[in-house]
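Undergrad: below is the structure, and that's it, no one-letter string:
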């Protein structure tokens, strides 16, 4: 199995406010070699009056699938 940056688990769920900073976090993960896993999710956060988003990423997708 390939070593992930900073010893992170092979699966990560990136979450945050739907803004430029979140998009930059996802873009940075992709540039490091992470791959998108599934579709993004969005939900309205009534407490903060903003849209929250989540995107799963995996490190070397084939290595993350257990057989």
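TA: Okay, I see it. Worth saying up front: this structure is predicted, and the values here are computed from it rather than measured.
Undergrad: check the offset of the top strand by length along the chain from the chain's centre.
TA: Among all segments of the chain classified by DSSP state E, the strand with the greatest residue count is strand 34-45. Using CA atoms, centre = their mean, to the nearest Å, the mean C-alpha position of strand 34-45 is found 7 Å from that of the whole chain.
Undergrad: hmm, who's touching it?
TA: 11-12, 17-18, 30, 50-61, 64 (CB atoms under 8 Å, 6 or more residues apart in numbering). (Each C-beta comes from the backbone N, C-alpha and C, glycine too.)
Undergrad: let's see it at 7 Å
TA: Counting by CB atoms under 7 Å, 6 or more residues apart in numbering, the neighbours of strand 34-45 from elsewhere in the structure are 18, 51-59, 61.
Undergrad: state the mean pLDDT of it.
TA: If you average the pLDDT over strand 34-45, you get 97.
Undergrad: tell me the strands beside that strand, with direction?
TA: Here strand 34-45 has these sheet partners by DSSP bridges: strand 50-59 (antiparallel).
Undergrad: tell me the buried residues in the longest helix seen in the chain?
TA: When the chain is parsed with DSSP state H, its longest helix is helix 20-32. By neighbour count with 16 or more other CB atoms under 10 Å, helix 20-32 contains the buried residues 22, 26, 29.
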